[in-house]
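Asks: Sequence and computational prediction follow.
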Amino acid sequence: MGLELLQQRARSVRARYAAVEAARHGRSWTTEEIMLGFVGDVGDLAKLVHGKAGVRPRADLDAALARELADCLWCVLTLADAYDMDLGRAFTETMHELEEVLAGPDV
């Protein structure tokens, strides 16, 4: 699935969450609250990476790691959408810049 389709899917899921949040709490989450959720997801991801290193083993480690990576990706896509960022273009430009740095004489 390409980035644009992932973005559309993330946008659709975010809209459904916003409706649930509004029904339950009278408003949907702010971008700041989404970011705080992302920070929590990154913390969960860190624990799973420790698990892959043998520090925090668990029976469903691979499935949990895949799910947490997907949760983190959803947050990134949702934040990019909230701030009207062209994530595909930004990624391409950033990778180009990194490749130039890596091709330099100081590396």
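Replies: Thanks, I have it.
Asks: Do you have the helices of the chain handy? List them.
Replies: Using DSSP state H, the helices found in the chain span residues 3-25, 31-52, 61-82, 87-103.
Asks: Output these as TSV; include the columns mean pLDDT and mean neighbour count.
Replies: Just so you know, the C-beta spots here come from the backbone N, C-alpha and C atoms, and that holds for glycine as well. Output for the helices of the chain, formatted as TSV (pLDDT from 0 to 100; neighbours: other Cβ atoms under 10 Å):
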stretch	mean pLDDT	mean neighbour count
helix 3-25	97	13
helix 31-52	98	14
helix 61-82	98	16
helix 87-103	97	11
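Asks: quick one: the closest residue to E4 other than its chain neighbours from D62, how far?
Replies: Excluding its sequence neighbours, the residue lying closest to E4 (Cβ to Cβ, 6 or more residues apart in numbering) is G88, at 7.2 Å. Here G88 is placed at a distance of 28 Å from D62 (Cβ to Cβ, to the nearest Å).
Asks: got it, and T30?
Replies: Relative to D62, T30 is positioned 33 Å away (Cβ to Cβ).
Asks: Repeat that for W74.
Replies: When W74 is compared with D62 (using Cβ to Cβ), they lie 19 Å apart.
Asks: and if you look at K47?
Replies: 14 Å.
Asks: now do V49
Replies: Remark: distance between V49 and D62 (Cβ to Cβ) = 12 Å.
Asks: Same question for S12.
Replies: From S12 to D62 the distance is 27 Å (Cβ to Cβ).
Asks: With G104 instead?
Replies: Taking Cβ to Cβ, one finds G104 at 37 Å from D62.
Asks: Give me the residues contacting stretch 93-102.
Replies: V107 (Cβ atoms under 8 Å, 6 or more residues apart in numbering).
Asks: Could the C-alpha coordinates of that stretch be exported in CSV?
Replies: C-alpha atoms of stretch 93-102 as CSV (Å, rounded to 0.1, in the frame of the first residue of the first chain):
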residue,chain,number,x,y,z
GLU,A,93,13.8,15.5,0.6
THR,A,94,15.1,14.4,3.9
MET,A,95,16.5,11.1,2.5
HIS,A,96,18.2,13.0,-0.3
GLU,A,97,19.8,15.3,2.3
LEU,A,98,21.0,12.4,4.4
GLU,A,99,22.4,10.6,1.3
GLU,A,100,24.3,13.8,0.4
VAL,A,101,25.8,13.9,4.0
LEU,A,102,26.7,10.2,3.8
